[in-house]
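1. need a structure here:
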Amino acid sequence: MLLAGDNLKLVQDTKAALQQTFKMKDLGELKYFFGIEFARSKQGILMHQRKYSLELISELGLAASKPINTLIDTSIKLTTREFDEHFSKTNLAEDELLAYQAKKTHMEAALRIVRYIKSQPGQGILLSSNNNETVTAFCDADWVACPHTRKSITWYLIEVGDSLVSWNSKKQSIISRSSAEVEYRSLASTVAELTWLLGLMKEIDVKIDQPVTIFCDNKVAIQMPANPVYHERTKHIEIDCHFIREKIQQGMVKTEYIPTKEQPADMFTKGLNRVCNISI
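-> Alright, predicted model coming up:
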């Protein structure tokens, strides 16, 4: 069980009340939980898995291997060939791999990821100690990302101040008919997550300035919720996606354009080189 709060006496009283009811042991300040290590500094709290990463590297016999600075080979190009090995190498987590026989290239791609982790095993997520509580969201999509199903992938990430607090990469359940549509669905997923997150913030008495800005690199997708006119080209999109417009009218969120080169969610859509990874 984790206890957190900004009032030390209240935290101590809560622990005392729980210990009177349940048999518990106080492990002190949080340092390790569910395989995640927590390191405190003036900058904030760093969440990482250095111990697990080093154990994995040793277990796979890669202790003497050369580290690399990119997750996948950026020179790989996707093709339309049905059983393209290059596609499989860039999509190890895809469910489609379960239907095909695993090959040497799949293992090579998996080991490459471990070699990438080896370059910075202590890299993690920093929960900043500054008082910036501004919530910002970024969303992106990859239209027809899967050559087998022709379905698209949507991504989003949400930050509170300088801290990354929520992110997701998911294949859409239906086939989108345009890049604007797939970006619009990505917007819908982002707004849904923000609705939950803002509700959580309210429950723990954290005041967040609204509207929350969502950055998207597709101008057409941005205009769709802003325009209430029911267009022939967009009426096939399910009604539940249009709740974006409702949230905008309520003042909860607003959408803004961001160039693709400045889009941090772009890292979830394709293999980027080292320079792009660092800049994002």
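2. tell me the average confidence for the helix or strand hosting I117?
-> Element membership for I117 (DSSP states H and E) is helix 104-119. The average of the pLDDT scores along helix 104-119 is 85.
3. So for it, what gets flagged as buried?
-> Within helix 104-119, the residues scored as buried using 16 or more other C-beta atoms under 10 Å are 106, 109, 112, 114-118. Just so you know, the C-beta spots here come from the backbone N, C-alpha and C atoms, and that holds for glycine as well.
4. could I get the residues you listed as a markdown table with distance to S41?
-> Listed next are the buried residues of helix 104-119 as a markdown table, based on distance: C-beta to C-beta, whole Å:
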| residue | distance to S41 |
| --- | --- |
| H106 | 39 |
| A109 | 34 |
| R112 | 31 |
| V114 | 27 |
| R115 | 28 |
| Y116 | 25 |
| I117 | 22 |
| K118 | 23 |
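5. residue ranges with poor pLDDT in this protein?
-> 73-102, 144-147, 228-236, 238-241, 265-280 (pLDDT under 70).
6. on that earlier part again, can you name the element that comes right after the helix holding I117?
-> strand 124-128.
7. Tell me the strands beside that following strand, with direction?
-> strand 44-48 (antiparallel) (DSSP bridges).
8. And whichever helix or strand comes after the partner strand, what does it pack against?
-> Following strand 44-48 in sequence order, the next helix or strand is helix 50-59 (DSSP H and E). Secondary-structure packing of helix 50-59 (3 or more C-beta pairs under 8 Å, 6 or more residues apart in numbering; DSSP states H and E): helix 104-119.
9. how about a cut-off of 10 Å?
-> In terms of contacts (3 or more C-beta pairs under 10 Å, 6 or more residues apart in numbering; DSSP states H and E), helix 50-59 is packed against strand 36-41, helix 104-119.
10. Now do the closest residue in space to L62 that isn't next to it in sequence against A63, distance only.
-> Spatial nearest neighbour of L62, excluding adjacent residues (C-beta to C-beta, 6 or more residues apart in numbering): V114 at 5.7 Å. Per C-beta to C-beta, to the nearest Å, V114 is found 11 Å from A63.
11. joint contacts of the two?
-> I57 (C-beta atoms under 10 Å, 6 or more residues apart in numbering).
12. Give me the longest helix you can find in this structure.
-> helix 179-203 (DSSP state H).
13. Closest one of the buried residues of helix 104-119 to K261?
-> Checking the buried residues of helix 104-119 against K261 with C-beta to C-beta, the nearest one is Y116 at 22.5 Å.
14. just checking, the closest one touches L71?
-> Yes. Counting by C-beta atoms under 10 Å, Y116 does reach L71; the two are 5.1 Å apart.
15. Chain neighbours aside, what residue packs nearest to V11?
-> V11's closest residue in space is G5 (C-beta to C-beta, 6+ apart), at 4.7 Å.
16. Pull the contacting residues for the one you found.
-> Per C-beta under 10 Å, 6+ apart, neighbours of G5: 11-12, 14, 204.
17. Run through the bridge partners of the residue nearest to Q123 when sequence neighbours are not counted.
-> Distances taken as C-beta to C-beta, 6+ apart place H48 nearest to Q123, at 6.5 Å, with adjacent residues excluded. Beta bridges link H48 to E37, G124 when assigned by DSSP bridges.
18. ok, H48 touching P121?
-> Yes. H48 is in contact with P121 according to C-beta under 10 Å; the separation is 8.1 Å.
19. So what does G161 have for phi and psi?
-> G161 has phi and psi values of phi 70, psi -120 when expressed as degrees, to the nearest 10.
20. Count the neighbours of it for me.
-> 17 (other C-beta atoms under 10 Å).
21. With S189 instead?
-> 18.
22. Next up, the contacts around the nearest residue to it once chain neighbours are set aside.
-> Spatially, and ignoring its direct neighbours in sequence, S189 is nearest to T154 (5.5 Å; C-beta to C-beta, 6+ apart). By C-beta under 10 Å, 6+ apart, the contact set of T154 is 139-143, 145, 168-172, 176, 182-190, 265, 268-269.
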